[in-house]
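Chemist: Starting from these lines, generate the structure:
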Amino acid sequence: MHRRTLPLRPSHLLLPVLAMFSFSQMIEGQTRFMYLNGQSISPAYEGWWPNEDGSFSLFLGYMNSNWEQHFDIPIGPDNYFAFTDPQGLDDLEQDAYQASVADQGQPTHFYPRRNPFLFTITVPGDFGSKELVWTLKTNGETHRAFASLAPDYRIDPQVISTEVGGNFGSLSDALRTNIPPELKVEGGETRRIAVGKPLTLIAFASDPDNLPARRARGGSPSTLDQLYRPPSSIVAISGPGLRLSWIVYRGLSGTWDSNLSR
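Modeler: Got it, this is the predicted structure:
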């Protein structure tokens, strides 16, 4: 009988291969892509809360996956709401457009990235288990948000403040009863202007309870440890205080020019 001797393979020779494999997996897992355009918009249901008159307010927003591309989507088959029974529109191929209910005050101009808590819809106290579904079709894709009175979607003002990074993203019981800012546009509700002529709008914003009050944030990092310290908050951070932004909500963006961004 002939015995065949196989050469030993030193284990240390395999270590570089394993290390390279692990490193390539790590790089692949950390890869992130930024799309300037060509991606779609996903409508977002943010939550609901009860009103004193027995009705309910539903909060909605959207996520535009592009970093630069804006969209103008008029109310119609590509931008509409529909009232359904639970799971009635889970099939994205199903179309439920009805002109009589399609317009629920949603935007028709869409900015890049995440825009949460952008508008509300009030539903009656007997809304029950029904769903209000928002359908958006962009760049060949269909996405939907399903608004309902599911208990785990109930929110309060503190949730909204935290989600948008208000008061540096901190928690405070006082925020639960925070009075929202008020906005007043100077002049009448209806304006008449000749075609091609500019129309100036003047708005006044105020915060009735000044909560949370504006305060200075900590100074800039002064040491390497401070400079490279990872963020301690897992939510968006925005300093407290009243700020005002002009945006196009409905209509074509080319008709609007704002010299005030914040």
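
Chemist: can you map out the strands along the stretch 1-150 of the chain?
Modeler: 41-50, 56-64, 71-72, 79-84, 109-110, 113-123, 131-138, 141-147 (DSSP state E, counting those that start in this stretch).

Chemist: okay, the ones you listed in CSV with mean neighbour count, distance to Gln158 and mean pLDDT next?
Modeler: Any C-beta I mention is one placed from the backbone N, CA and C, and that applies to glycine too. Putting the strands of the stretch 1-150 of the chain into CSV (neighbours: other Cβ atoms under 10 Å; distance: least, Cβ to Cβ, whole Å; pLDDT from 0 to 100) gives the following:
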stretch, mean neighbour count, distance to Gln158, mean pLDDT
strand 41-50, 19, 11, 98
strand 56-64, 21, 14, 98
strand 71-72, 18, 32, 95
strand 79-84, 20, 28, 97
strand 109-110, 21, 28, 96
strand 113-123, 16, 13, 96
strand 131-138, 21, 24, 97
strand 141-147, 19, 21, 97
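
Chemist: Out of those strands, which gets nearest to Val185?
Modeler: Nearest to Val185, of all those, is strand 113-123, at 17.3 Å by Cβ to Cβ.

Chemist: tilt between that closest one and strand 56-64?
Modeler: 160 degrees (axes from the mean of the first three to the mean of the last three Cα atoms, to 10 degrees).

Chemist: Summarise which helices and strands strand 113-123 is packed against.
Modeler: Judged by 3 or more Cβ pairs under 8 Å, 6 or more residues apart in numbering; DSSP states H and E, the packing partners of strand 113-123 are strand 41-50, strand 56-64, helix 157-163.

Chemist: Could you export those to a markdown table, including columns for distance to Gln87?
Modeler: Formatted as a markdown table, these follow (distance: least, Cβ to Cβ, whole Å):
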| stretch | distance to Gln87 |
| --- | --- |
| strand 41-50 | 15 |
| strand 56-64 | 18 |
| helix 157-163 | 26 |
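
Chemist: Of all the ones you listed, which one is nearest Arg191?
Modeler: For Arg191, the closest of these is strand 56-64, at 27.9 Å, according to Cβ to Cβ.

Chemist: right, so of the helices and strands packed on strand 113-123, which gets closest to Gly128?
Modeler: Closest among those, using Cβ to Cβ: strand 56-64, at 10.4 Å.

Chemist: Run the chain-centre distance for that closest one.
Modeler: Averaging C-alpha positions (Cα atoms, centre = their mean, to the nearest Å) puts strand 56-64 8 Å from its chain's average.

Chemist: Run through who's touching that strand.
Modeler: Here strand 56-64 makes contact (Cβ atoms under 8 Å, 6 or more residues apart in numbering) with 39, 41-51, 71, 106-107, 110-125, 127, 132, 134, 136, 145, 147, 149, 155, 160.

Chemist: Ser40 touches Glu141, doesn't it?
Modeler: Yes - at 4.0 Å, Ser40 counts as touching Glu141 under the criterion of Cβ atoms under 8 Å.

Chemist: Any idea which of the strands of the stretch 1-150 of the chain gets closest to Ala99?
Modeler: Ala99 lies closest to strand 79-84 among these, at 8.4 Å (Cβ to Cβ).

Chemist: quick one, that closest one and strand 141-147 angle?
Modeler: 50 degrees.

Chemist: sorry, back to before: Leu89: which of the helices and strands packed on strand 113-123 is closest?
Modeler: Across the helices and strands packed on strand 113-123, Leu89 has its closest neighbour in strand 41-50 (12.2 Å, Cβ to Cβ).

Chemist: Give the other helices and strands that that closest one contacts.
Modeler: Strand 41-50 packs on strand 56-64, strand 113-123, strand 131-138, strand 141-147, helix 157-163, going by 3+ Cβ pairs under 8 Å, 6+ apart.

Chemist: next one: it to chain centre, how far?
Modeler: The answer for strand 41-50 is 9 Å, by Cα atoms, centre = their mean.

Chemist: Could you report the neighbour count for Leu175?
Modeler: The tally of other residues near Leu175 (other Cβ atoms under 10 Å) stands at 19.
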